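Participant: Give me coordinates for this.
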Amino acid sequence: MTAQHLHRLVDPIITTRGYDVDDLTISPAAGGGTAATIVVDRDGGVELDALATLTRDLVEAIDAQSPDADYTLELTTRGVDRPLTLPRHWRRAQGRRVEIDVVGADGTPETIAGRIGASTDATVELIRNQRGRFTTVTVDLDSVTKAIVGVDFTAPNRTELELCGLDAAAIARLTRTN
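Facilitator: Below you'll find the predicted structure:
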């Protein structure tokens with residue numbers, strides 16, 4: 001089973017459910033056979049039960065196509081450690097804290113941190129909270145060399161999230177405390 005063959009098989013199933021295939025890799029499995037890892041994402045996030053159902057459906061499709069295939073399938077989500085590389089990644093991470101490395105207009109590297117605000121296919125706004133004083137920085141996505149969503153254990157500031165352009169439901173979800 002090649003990555004191209006697997007992608008052609010599973011992509012229609014995944015996309016009809018409203019997901020995007022973010023990554024697909026094939027590697028040798030530790031005990032023999034093949035390990036296939038498929039990373040999916042979608043607007044609104046991914047629910048565990050829906051992911052389990054999708055996994056079963058993908059296994060059925062793979063088994064029907066290649067009944068003798070010796071493989072292990074892992075279906076997973078992007079997680080926080082995957083870099084933001086596409087405009088949809090930025091849109092889906094709106095309101096999250098991020099640290100990005102950019103190349104400035106003069107060619108010098110710079111690191112900028114903030115919360116992801118509005119984004120387009122070409123730019124993203126970062127909302128920066130500097131001791132209660134908020135500023136907005138617009139970053140050209142072509143200048144970004146690395147961008148990772150940060151793990152943030154503090155409750156976000158409501159004003160900051162409003163400046164990010166989030167609606168009331170998204171703000172309530174992000175400011176929930178357990």
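Participant: Tell me who's in contact with the residue lying farthest from the centre of the chain.
Facilitator: Distance to the chain centre peaks in the chain at Asp68, reaching 33.1 Å (criterion: Cα atoms, centre = their mean). Listed by Cβ atoms under 8 Å, 6 or more residues apart in numbering, the contact set of Asp68 is empty. For every residue, glycine as well, the C-beta is placed using N, CA and C.
Participant: hang on, it in a strand?
Facilitator: No - applying DSSP: H, G, I helix; E, B strand; the rest coil, one finds Asp68 to be coil, outside a strand.
Participant: What's the separation between it and Gly33?
Facilitator: Computed as Cβ to Cβ, to the nearest Å, the Asp68 to Gly33 distance reads 11 Å.
Participant: next one: Ile171
Facilitator: When Cβ to Cβ is applied, the distance between Ile171 and Gly33 equals 46 Å.
Participant: So between the two, which is more surrounded?
Facilitator: The residue with the greater number of neighbours, taking Ile171 and Gly33 and applying other Cβ atoms under 10 Å, is Ile171; the counts read 17 against 13.
Participant: Wait, the more buried one touches Glu162, no?
Facilitator: Yes - counting by Cβ atoms under 8 Å, Ile171 sits close enough to Glu162 to count as a contact (6.9 Å).
Participant: Sketch out the low-pLDDT regions of this protein for me.
Facilitator: Scanning the chain for pLDDT under 70 picks out the ranges 176-178.
Participant: Quick one: name whatever helix or strand follows the longest helix seen in it.
Facilitator: For the chain, the helix reaching the highest residue count under DSSP state H is reported as helix 48-65. Following the chain from helix 48-65 toward its C-terminal end, the next helix or strand by DSSP states H and E is strand 71-77.
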